[in-house]
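1. attaching a predicted model along with its sequence, questions to come.
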Amino acid sequence: MKKTTTYLALLLFAFTFYSCSSDSTEILEDITPVKLSPDNTPWTKLSDYQFFKGDIKNLEPAFGVLPYKPASELFTDYALKKRFVWMPKGSNATYDGDGNILNFPDKTILIKNFYYNNVLPDNKTKILETRLLIKINGNWIFAEYIWNDEQTDAFLNMDGGNINLSWVQNGATKSTYYRFPNSIECRVCHINQNKNLPIGPKPQNLNYNFSYSDGSKNQLQKWIDYGYLESIPSNINSVVDYKDTSKPIDLRFRSYLDINCAHCHQDGGDCSYRALRFEFNQTSNPANMGICQDPEEEIPAHTKIILPGRIDRSVLYYRISTDEQNLMMPKIGRFIVHEEALQLTEQYIQYLSNCN
Amino acid sequence: MKKTLLLITNLVYLFPLYILAQASCETAQVVAVGQHSVGLLNGTVPTPVCASNGAVPTTNNPAGLWYQFTATQNGTLTVSTNLPQNSGKDTRVHIYNGACGNLTCVAGNDDIGGSNFLSEVAFSVTNGGSYYIAFDNRWGTTNASNFVFTIGYGTSTPPTSRVTFTAQSNSDLTGTYRNCIVDMNNDFLDDLVTISNGNLKVLFQTPTGFNTVIYQTATTNFLPTWSVAAGDIDKNGFNDLVYGGGQGVAFVRASSDGSAYTLSSTSQYVFSQRSNFVDINNDGHMDAFVCHDVAPNVFYINDGNGNLTFNQGGLGDVSNGGNYGSIWFDYNNDGKVDLFIAKCKGNGDINGSLNQLFRNDGNGIYTNVSVAANLSDPIQTWSAAVGDFDNDGDMDILVGASSFTQGGHKLMRNNGDGTFTDVTAGSGFHNNSTTSIEFVTYDFDNDGFLDVLGGGNKIMYGNGDLTFTAESTNINNGPIGDINNDGFLDVQIGGTIYRSNGNNNKWCKVTLRGIQSNGNGIGARVELHGPWGVQIRDVQSGVGFRHMNSLNVHFGIGTHTTIQKVVVKWPSGIIDEILNPAINQTHHVNEGSTLNTPTIANTQKLVIFPNPTSQNLFVEETEYTNYQVVDMLGRTCLSGKLTSQGILVANLPNGQYILVLQNEFYQTKSAPFIKN
């Protein structure tokens, strides 16, 4: 509580200066402590960036580090996530289409922290890793930081690795062989047309409210107000939160597919050679989702990618339901089954009418 | 339990018997030709399963209904639910003969095909024969209740399949990964291997069925999720396994007597696809190769003491990987095994999907000749089937498309000069609309021409002239071998064995024990000469995409009744020949063991004396000074360095042996001798 107050005070302080300055970004430069290494290579320690103030494990953003959250999130073995964006002085992102990554300025850093609550045996919150995407000379580079057990810092590690992890979730104990990605694995999801690309920060994903420390606000508007985004069109074809049961089932399912599947299943993605196109702006065409479409890779008895009304004959349902590495989808980023997604998929397939 | 019995008793009392009669095999309702109605499916679930798609899931509350039919004539009987009034139903039917409790599958069917989930099965019956017809609820009780089926004698003869397969589930075929048929106990009979985390379960083939043994292993994070291959790493006669996992590779090694298995996980990150055992540097010791999906390929070089050293680089180095289907064969007939990689990648890196051919120049040197050979093709493929489809003495390639986005299936004829020509047009693959991740070639109908199995429940029967004729079948891709040693190839899919019913064609199998070469003779070229000319096979561990198939060499020879000779050209250069081998038999060849034929390709003569010997064996040799004495089972009995004292063989049991000499470049010479 105290920290929030301090933060607010700091913001107030900044805006006070803003009121008597003609250049708002100058204020940012004065305040933000975030720094890249002189040669633009990743720091060896997460703390070197100075993204967070106070005790680093609280992930309390320093000035200039703005939290964000896409409407629908990627599932990675139930890991919880805190995301932040930072941009350097005098620069901002520009709009490049509802479903495209914002056109970020050089030296932008996207920060994604992966953590679990109630981690056994101590039943404590544990931050496992922080993944950075840093834009250097027009290209995105990966920097993966693995947190120490003391939760006092995280250290650059591009080799990947695994840990056995158990935690309590809704009263039940869950376990996974949690995977830290290596640089090759980062690329599998983040590659498009042989170039690295972020996945989440698209207008379609950010066009909804987020609870900031100073109140709830539409994220795109917040970015504009903050000086991180130039301008946007008034109407944005937006995804929904697939967990939001008040939303129509087809929008929820299409939103789930977009954030969990589309990075590979799109033009230029790792699996573009399959006919499926799972981007939100492509799935308004049922064929792109595989509805009533023949699979190119046979799974016995599963005759269509999605066969309306028949989960037991639908490839897509099977792939979400299994944890066998060669059959499951997504093929990396998870070891265990996303039960809620499976239920959503079942609801969707039952909701569809037949192929004729 | 008591309540159920009571209920049944009451029901029997209250209703005519036939209503309940379908509840089990013992009480099967007698039916005749005609149409019959099925009510609620609530009897005993039929086993074994005689149709595709495995056991009824327990979540369906497995159930079934039973009928009994006695044939009143010889002919073809058809049982069908494929009727308009059954629209929307999803049935599965099993046909048995034999006694209740010991039923044998005759036929079965799950789906008509496509999205027609009704069932129809035709099978031969003999007058007076008794058959059980049983339905189950594989696809849910609602979908499998309240339908109509018909029984009728066929008015026309059934389609003359070149070969048919009868499905029958085997309750011992449990395990997480059921992708491997290979000999595991050194008797050269194909066994069924299922793999789980912590154990291997082997269904050993015996003349009367299977003998199932479970072997505990350590657990691993690198299970054979993507592929499995088998080969003898330590040359002890017992096959070992490589697991191609999504994040790494593990090896499982048989103990010296095959009674135990030791698993070891490697430490490097590998997104495995196809894995193979092959002697990459031809030093006589088995190496392993694993395709990497997202990085350059990896391989494990064997130092001869069973130590496998990780290597990455030199055999497919595209940074984005795209390596799916590696297949090792001798494309230029120079006696050295080459490497073709079927590739697939969609991320905009064209190199990721360009197929590659690496020519083996000896001593572990491989040269990328993809472009010169006309094989650098962007087809999105996960595997290629390699065989001599036109029996002209060189290996042709069927590059099987997994997606048609960058070109379709491509049949490439080997021109015999190191190049290949596209002969897809008119071949039967030009209009084959089935995509598959797995393409393999075998002679399923034993007609002497290689066929292709590449998904879609059809066999592309080879016509011997680089054209193929498609025929529907109940089999699909799975591990392949001869699981009942009848000379016809069988397929396993999950817990079900699809046993070939064979035909009148003749066959010949060849099994190998490498001595100077790697223990399985992988990379050996086997030729079968006869009135047809010559058929060739290359011994391979790891073909297609996922499965491990028999290491035994199988040939069909059609209606021919004589074979001129079997020639085995070993990776060592040794050539063995068997003259006038019998048809319909398996012929075993220990490397260098055939008499009256040159045992070594090396022109230098190896002089040993005396022969036969009872005490010492002397050798005139200064360069090839490392020796091994190997028995006819391929076991090394003695080894060491030559001295002027000769080799003391007095302690060996009397019998035939092979002396193998090796120089510092791993080249070998050998000669047989007799201890008496």
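-> Okay, I see it.
2. in which helix or strand would I find the nearest residue to B:Ile437 once chain neighbours are set aside?
-> Closest residue in space to B:Ile437, ignoring its immediate chain neighbours: B:Trp382 at 4.0 Å, by CB to CB, 6 or more residues apart in numbering or on different chains. Any C-beta I mention is one placed from the backbone N, CA and C, and that applies to glycine too. Element membership for B:Trp382 (DSSP states H and E) is strand B:381-387.
3. list the helices and strands the helix or strand following that strand packs on?
-> Sequence-wise, the next helix or strand downstream of strand B:381-387 (DSSP H and E) is strand B:396-401. Using 3 or more CB pairs under 8 Å, 6 or more residues apart in numbering or on different chains; DSSP states H and E, the elements in contact with strand B:396-401 are strand B:338-343, strand B:381-387, strand B:410-414.
4. what mean pLDDT does the second one get?
-> Mean pLDDT, taken over the full extent of strand B:381-387, equals 98.
5. I'd guessed B:Leu617 sits against B:Phe673; true?
-> Yes. Applying CB atoms under 8 Å as the test, B:Leu617 and B:Phe673 come out as touching, 6.2 Å apart.
6. between these two, what contacts are shared?
-> B:608, B:611, B:659 (CB atoms under 8 Å, 6 or more residues apart in numbering or on different chains).
7. just name the closest of those to B:Ala372, please.
-> B:Ala372 has its nearest neighbour among the shared contacts of B:Leu617 and B:Phe673 in B:Leu659, at 41.2 Å by CB to CB.
8. state the distance from the closest one to B:Ile578.
-> 22 Å (CB to CB, to the nearest Å).
9. these two: who's more crowded?
-> B:Leu659 (22 against 19; other CB atoms under 10 Å in any protein chain shown).
10. and that one, what are its bridge partners?
-> Note on B:Leu659: beta-bridge partners by DSSP bridges are B:Val629, B:Ala671.
11. what sits against it?
-> B:606, B:608, B:617, B:619, B:627-629, B:647, B:670-673 are the contacts of B:Leu659 under CB under 8 Å, 6+ apart.
12. could you do A:Asn218 as well?
-> A:Asn218 neighbours (CB under 8 Å, 6+ apart): A:207-210.
13. on that earlier part again, got the contacts of B:Leu659 as TSV, with neighbour count, pLDDT and distance to A:Gly64 columns?
-> Compiled in TSV, the contacts of B:Leu659 are given as follows (neighbours: other CB atoms under 10 Å in any protein chain shown; pLDDT from 0 to 100; distance: CB to CB, whole Å):
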residue	neighbour count	pLDDT	distance to A:Gly64
B:Leu606	18	77	80
B:Ile608	19	86	84
B:Leu617	25	90	84
B:Val619	20	88	81
B:Tyr627	20	88	75
B:Gln628	21	85	72
B:Val629	20	88	77
B:Ile647	22	91	80
B:Ser670	26	81	76
B:Ala671	19	83	81
B:Pro672	18	84	82
B:Phe673	19	86	84
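14. out of the residues you listed, which one sits closest to chain A?
-> Using CB to the nearest CB, B:Gln628 comes nearest to chain A of the contacts of B:Leu659, at 40.4 Å.
15. just the buried positions in the longest strand that chain A contains, please.
-> Counting residues, the longest strand found in chain A (DSSP state E) is strand A:124-136. Within strand A:124-136, the residues scored as buried using 16 or more other CB atoms under 10 Å in any protein chain shown are A:126-135.
16. distance to B:Ser24 and mean neighbour count for the helices and strands packed on strand B:396-401 - can I get that in a markdown table?
-> Listed next are the helices and strands packed on strand B:396-401 as a markdown table, based on distance: least, CB to CB, whole Å; neighbours: other CB atoms under 10 Å in any protein chain shown:
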| stretch | distance to B:Ser24 | mean neighbour count |
| --- | --- | --- |
| strand B:338-343 | 49 | 27 |
| strand B:381-387 | 44 | 28 |
| strand B:410-414 | 51 | 23 |
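17. between the ones you listed, which one is closest to B:Gly400.
-> That would be strand B:381-387 among the helices and strands packed on strand B:396-401, by CB to CB, at 5.8 Å.
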